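1. give me a model of this one.
(one chain, ligands or ions: 1)
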Amino acid sequence: MSTQNLPGLPELSIGNIYCIGRNYVDHVHELRSDLPEKPLVFLKPLGTIIFDGDTVRLPKQSTNVHHEVEFVVAIGKTGKNISKTQALDHVAGYGVGIDITARDIQAKAKEKSHPWTVAKGFDTFAPISSFVRWDKINDPQEVDLEIKVNGITRQSESTRLMIFPVAELIHYLSTIFTLQPGDLIFTGTPQGVSPLKSGDEIKASMNNDQASLSVTVK
Ligand code: MG
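-> Below you'll find the model as predicted:
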């Protein structure tokens with residue numbers, strides 16, 4: 001696959017796509033999962049990335065595909081074992097994304113303690129907005145996220161409710177992986193996930209359209 005520049009921060013080409021599961025208490029409860037003691041990490045392949053105006057393709061293998069609106073962090077500086085106090089210095093910018101999930105495939109994987117890669121990894125399963133530079137966001141833990149499907153709000157929550165805040169996620173991930181410029185971190189979804197069907201028009205936004213993303217489902 002050719003490199004893809006990050007919209008809004010074109011000096012970055014999109015690298016690894018790290019994702020955090022179970023990072024909002026109410027969402028953990030709606031899926032009847034256990035609260036994590038440390039961040040739950042998974043990855044998405046590059047083919048999941050699509051942009052504003054693109055189309056989410058529902059895969060034949062699933063009959064229950066959900067939206068998960070998420071605050072997304074773009075890394076701007078290489079780092080390993082980054083301290084919590086220095087973590088935000090490694091951020092290039094922020095955007096909004098949707099962690100599209102084949103919930104039925106994920107449920108089976110959970111039952112068998114199998115990885116989530118298939119449930120989370122189909123092509124087009126990670127739409128992202130254009131990103132805003134880090135200094136446009138005063139506090140990454142005070143960002144409002146919203147997603148509407150066909151004009152109806154399905155999820156609306158503040159990043160204040162994250163279990164593990166952005167600085168802690170960067171610190172934790174960097175104890176395992178060397179974070180690189182262009183790496184993205186999907187920071188988990190609040191409550192309100194629900195199924196998508198062909199023809200749906202999705203709009204995700206943060207801070208009343210400071211960044212936003214519209215995609216169609218087919
Ligand atoms: Mg998610």
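2. so I137 sits against A92, correct?
-> No - between I137 and A92 there is no contact under Cβ atoms under 8 Å: 11.5 Å. (Each C-beta comes from the backbone N, C-alpha and C, glycine too.)
3. more crowded one of the two?
-> Taking neighbours as other Cβ atoms under 10 Å, I137 and A92 compare with I137 leading, 23 against 20.
4. what's whichever residue of the chain sits closest to the ion in contact with, if anything?
-> The ion sits closest to D99 of the chain, with a gap of 3.4 Å, by Cβ to the ion. By Cβ atoms under 8 Å, 6 or more residues apart in numbering, the contact list for D99 reads 19, 44, 68, 70, 120, 125-126, 186, 189.
5. show the contacting residues for the residue nearest the centre of the chain.
-> By Cα atoms, centre = their mean, the mean C-alpha position of the chain lies nearest to F186, the distance being 3.0 Å. Going by Cβ under 8 Å, 6+ apart, F186 touches 17-20, 44, 70, 72, 97, 99, 126.
6. which residue is the nearest non-sequential neighbour of it?
-> C19 (4.1 Å; Cβ to Cβ, 6 or more residues apart in numbering).
7. rewinding a little: which ones among the contacts of F186 map onto strands?
-> Among the contacts of F186, DSSP state E puts 17-20, 44, 70, 72, 97, 126 in strands.
8. so what's V96 bridging to?
-> Beta bridges link V96 to F71, judged by DSSP bridges.
9. can you pull the contacts of it?
-> Counted by Cβ under 8 Å, 6+ apart, V96 has contacts 69-72, 128-129, 145, 204-206, 211-213.
10. now, which of those residues lie close to the ion?
-> Among the contacts of V96, no residue lies close to the ion (Cβ under 5 Å from the ion).
11. any of these buried? List them.
-> Neighbour counting with 16 or more other Cβ atoms under 10 Å marks 69-72, 128-129, 145, 204-206, 211-213 as buried within these.
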